[in-house]
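**Q** here are the coordinates; sequence isn't available:
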């Protein structure tokens, strides 16, 4: 007779546990009696109105929501280079009217054009309060089940309302017993071994993959999540990326959030309004002294926090000016305007849906605003997917003349121009109509990489960032910043400035008084005007780059502003509070590639799939870094982690000396566990707002490895893509499979 113990199902184990806890006497349980013995009753019954086992999550009722809360049945065909998360006209005005310029009142206040009637609450949080976001917490089925709550003595089964489970029990459930029951529930309550096995088969491939990945037999794929979701999941900082490195989803979500903010334009005190934040700069901005850097750092920070209320993975992108220096060198030292090049994300383009909307637009006389010839030209633009750096360049490509009319002696766009600009703005809320980037005249200058290097070489904060209130002056960073404001806004070629006889005649024929501050046809773009600059969405990318350069300067130098205790109104924070971007929760990277790793399996070798990095990033990055995320500590043996690039066949025998592909070897330092049971387990996540205890001594830690030289070596050898390998070696030089447990690896590039 075999002595092998008979294997029983999870459900049999659950019944045995509950029988042993209950003992011989079974209460009525409101007529349910020994409910665990009858699976039909156990899985469907409620006690005091609380489901003993929470119902299985039902995904059939979910529906894709448009950003304004309505079901989104259509996905718009947009240029491949300009993808968006949900729709290009997200939260756009649904007002059905002729939208005639002749019916518009003269505009007397500064606000974000085009102006749309609010169409409802598109903000996920439903109000101005923080913490909205679009990622609700995820709970296990067992966490919601009354049997688990009751056995743990959790509310409402804590005696305050209902008695703890089990009633009249002879014993209290142990942690292990509760976990066995919870595992059964989370496995969808299989009743037999056969059913268990069939459910396990669903996860078998994944489990095998984890083992193959941990041994380096399969390549770890690049994560499909957004950069900030991966870094947030691993308790990392928010990553502000160069705008050209944003993924289609990241760019789409950013646009979607802005389009939603524009719906609150009419509500001046609503913090969800984009204009609310723009007016803060109008009324409170600091320039020409040392608070330039510190005040704008907080301005960006608080605006970004509001965007994170919309989606917690949004981060403000930055615009690296010097990346575009070569493209812009021919836009200077000439007398032509509107020739400058900006990041494509901030350009205007037309989609098929946008064109269809324009085809339906009518004038006040009921005629189509577009001619057949213009429609044909626009159809070609849609097909090509061309992106234009200004609205005037778009109109020129379509053969549509730029037109203004006289309304109460104010120059405003004609019906046609207003309709086109409204549509372009809905499609891409990062584009701005009053923006003509390029030369301001023959003496303009555009900052190159060498100019930025000289700027960063200054070793005195006063020279770099400006002086205190009693010796205030512009710092060198702000001087460059000023020039880029002027370049971004540019000069309006269609304004009747001296020498522009064509437009002087148009104004005279229309009977218009020349007004350089006219809202829709000003002499300069809004980025050139300190009081209205923040109404242009490009402002935020421009100032993120200013902030990035200051953060880089801080890495190189120790200088600080002199008035460290000064309060930065309208906020209650001081200059001192702005000294660390890490303390504010963010950092800057040109781009970041993340690989998710299962910490359930000890890592023997990590072997990544190729990280497809843009040529621009590979050509211009200042620093490359490999980060190993959340290396577990506790009762683990020490080991070495050898880091390679583009060495898929690397083993513990692969030489490191003289190997161009070798990056670095790091060593772990753990130790034996001398505490009680569970002392060396992973610590609980910190969830209490007022828990000021330091980082737990067993909290998983991160390793950062400078891979700049190694990346350059493999690029010099002709590599086009980059792969990362980690080889785990015991301190005795032999393979080891139970020493390294991590949650991820990222490859990061910094400007």
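**A** Everything's here; your move. Computed from a predicted structure; not experimentally measured.

**Q** Mean confidence (pLDDT) on stretch 21-33, please.
**A** For stretch 21-33, the mean pLDDT works out to 88.

**Q** list the buried ones in that stretch?
**A** 21, 22, 26, 29, 32 (16 or more other CB atoms under 10 Å). To be clear about C-beta, it is placed using only N, CA and C from the backbone, and glycine gets the same treatment.

**Q** now stretch 48-60
**A** 50, 52, 53, 54.

**Q** Could you please name the strands the helix or strand hosting residue 749 pairs with and the direction of each pair?
**A** Residue 749 is part of strand 744-750 when elements are defined by DSSP states H and E. According to DSSP bridges, strand 744-750 has the following sheet partners: strand 591-596 (antiparallel), strand 623-631 (antiparallel).

**Q** Helix or strand for residue 455, just tell me which one.
**A** In this assignment (DSSP H and E), residue 455 forms part of helix 449-457.

**Q** Could you tell me how many residues sit around residue 418?
**A** By the criterion of other CB atoms under 10 Å, residue 418 has 23 neighbours.

**Q** So it: helix, strand or coil?
**A** Recorded secondary structure, residue 418: helix (DSSP: H, G, I helix; E, B strand; the rest coil).

**Q** Give me the distance between it and residue 361.
**A** Going from residue 418 to residue 361 by CB to CB, to the nearest Å gives 9 Å.

**Q** now swap in residue 15 and tell me
**A** Distance from residue 15 to residue 361, by CB to CB: 70 Å.

**Q** quick one, which of those two is more surrounded?
**A** It is residue 361, of residue 15 and residue 361, that has more neighbours when counted by other CB under 10 Å, with 20 against 17.

**Q** where exactly do the helices run in the stretch 351-500 of the chain?
**A** Using DSSP state H, counting those that start in this stretch, the helices of the stretch 351-500 of the chain run over 352-359, 372-384, 391-398, 415-427, 449-457, 461-465, 476-489.

**Q** Show me where the protein has its strands.
**A** Assigned by DSSP state E, the chain shows strands spanning 46-47, 50-51, 238-241, 404-407, 410-413, 586-589, 591-596, 605-607, 623-631, 639-645, 662-667, 701-706, 724-730, 744-750.

**Q** quick one, which of the helices of the stretch 351-500 of the chain is nearest to residue 746?
**A** Of all the helices of the stretch 351-500 of the chain, it is helix 449-457 that lies closest to residue 746, at 25.2 Å by CB to CB.

**Q** Residues touching stretch 665-684, excluding its own?
**A** Here stretch 665-684 makes contact (CB atoms under 8 Å, 6 or more residues apart in numbering) with 631-643, 656, 696, 698-700, 703, 705, 731, 739-740.

**Q** Quick check on those residues: which are buried?
**A** Among the contacts of stretch 665-684, those scoring as buried are 631-634, 636, 639-643, 698, 700, 703, 705, 739-740 (criterion: 16+ other CB under 10 Å).

**Q** neighbours of residue 666, just the number please.
**A** Residue 666 has 16 neighbours, counted by other CB under 10 Å.

**Q** and it, bridged to which residues?
**A** Per DSSP bridges, the residues bridged to residue 666 are residue 641.

**Q** distance of it from residue 640?
**A** According to CB to CB, residue 666 stands 7 Å off from residue 640.

**Q** Can you get me the start-to-end distance on stretch 409-421?
**A** Taking CA to CA, to the nearest Å, stretch 409-421 runs 22 Å from one end to the other.

**Q** swap that for stretch 574-582, sorry
**A** End to end - CA to CA - stretch 574-582 spans 16 Å.

**Q** Which residues are in contact with residue 277?
**A** The neighbours of residue 277, taking CB under 8 Å, 6+ apart as the test, are 271, 303, 306, 534.

**Q** redo that, cut-off 10 Å
**A** By CB atoms under 10 Å, 6 or more residues apart in numbering, the residues touching residue 277 are 261, 271, 299, 302, 303, 306, 307, 534, 535, 539, 540.

**Q** Counting neighbours, which of those residues comes out on top?
**A** Busiest of the contacts of residue 277 [other CB under 10 Å] is residue 261, holding 27 neighbours.

**Q** wait, isn't that one in contact with residue 276?
**A** Yes - if you go by CB atoms under 10 Å, residue 261 and residue 276 touch, sitting 8.5 Å apart.

**Q** which neighbours do those two share?
**A** Common contact partners of residue 261 and residue 276 (CB under 10 Å, 6+ apart): 270, 303, 306.

**Q** possible to save these as a markdown table with distance to residue 427 and pLDDT?
**A** Shown next, in a markdown table, are the shared contacts of residue 261 and residue 276 (distance: CB to CB, whole Å; pLDDT from 0 to 100):
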| residue | distance to residue 427 | pLDDT |
| --- | --- | --- |
| 270 | 24 | 94 |
| 303 | 23 | 98 |
| 306 | 23 | 97 |
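
**Q** Could you list which of these belong to helices?
**A** Judged by DSSP state H, helices contain the following of the shared contacts of residue 261 and residue 276: 303, 306.

**Q** tell me which of the shared contacts of residue 261 and residue 276 is nearest to residue 577?
**A** Among the shared contacts of residue 261 and residue 276, and counting by CB to CB, the member closest to residue 577 is residue 303, at 16.4 Å.

**Q** list the contacts for the nearest residue to residue 715 once chain neighbours are set aside?
**A** In space, and not counting its chain neighbours, residue 715 is closest to residue 618: 6.2 Å by CB to CB, 6 or more residues apart in numbering. Residue 618 makes contacts with 590, 591, 624, 711, 712, 715, 719, 720, 721, 722, 749, as judged by CB under 10 Å, 6+ apart.
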